[in-house]
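Q: below are the sequence and a predicted model; questions follow.
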Amino acid sequence: MPYILETNGPALSPYVDSGAILTLELGTILKTNNTNSTLFVYGSLIASTTPDNPIVFTSLKDDARGGDTNGDGSLTSPQDNDWANIKFLSGSVGTFVNTIFSYGGFGYVGPEVSATSTAPMFSIDSGAIVVIQ
Ligand SMILES: [Ca+2]
């Protein structure tokens with residue numbers, strides 16, 4: 001059963017709080033349906049899994065991962081920029097092993113502009129540590 005990351009504008013985006021550690025279970029699927037959707041990480045986000053059970057960040061329209069979550073059959077199909085990115089703020093930590101990122105990359109420019117960007121689906125401030133394997 002996929003999780004849906006609900007957002008309603010930059011001020012109401014989901015976040016991992018400072019000092020908190022969010023560890024995603026094997027095979028977790030997270031879907032978003034807003035081009036502005038950004039997951040803000042102030043603490044630690046751990047997504048470490050096996051190749052057979054990837055953790056997936058994708059569009060709510062992506063029926064190929066976790067089924068027809070938006071309940072419209074094949075009426076809509078996912079495409080790049082369906083959601084934005086995962087933003088790591090200074091002091092945050094991210095670890096990704098066998099994690100898949102699909103259909104994000106919308107050019108989100110919020111009140112906090114990142115210092116560097118290493119990939120379309122990541123926004124990484126200086127002082128953040130992100131490891132992707
Ligand atoms: Ca669908």
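A: Done, it's in. Fair warning: this is a prediction, and the values are worked out from it, not measured in the lab. Numbering: from 1, shown residues only.
Q: contacting residues around residue 37?
A: Applying Cβ atoms under 8 Å, 6 or more residues apart in numbering to residue 37 gives the contacts 5, 7, 13, 83-84. Any C-beta I mention is one placed from the backbone N, CA and C, and that applies to glycine too.
Q: okay, it: pLDDT?
A: If you check residue 37, the pLDDT there is 79.
Q: gap between it and residue 4?
A: Using Cβ to Cβ, to the nearest Å, one obtains 10 Å as the distance from residue 37 to residue 4.
Q: equivalent analysis for residue 39, please.
A: Distance, residue 39 to residue 4, using Cβ to Cβ: 12 Å.
Q: if we can go back for a sec, among the contacts of residue 37, find the lowest-pLDDT one for me.
A: residue 7 (73).
Q: in what helix or strand does it lie?
A: Assessed by DSSP states H and E, residue 7 sits outside every helix and strand.
Q: gap between the closest residue to it other than its chain neighbours and residue 50?
A: Excluding the flanking residues, the one nearest residue 7 by Cβ to Cβ, 6 or more residues apart in numbering is residue 37, at 4.4 Å. Using Cβ to Cβ, one gets 27 Å for the distance from residue 37 to residue 50.
Q: what parts of the chain come near the ion?
A: Within the chain, the positions lying close to the ion (Cβ under 5 Å from the ion) are 63, 68, 70, 72.
Q: quick check, pLDDT for the last one.
A: At residue 72, the pLDDT value in this model is 97.
Q: same thing with the first one?
A: In the predicted model, residue 63 carries a pLDDT score of 97.
Q: what's the closest of the residues of the chain next to the ion to residue 22?
A: Taking Cβ to Cβ as the measure, residue 22 lies nearest residue 70 of the residues of the chain next to the ion, at 23.9 Å.
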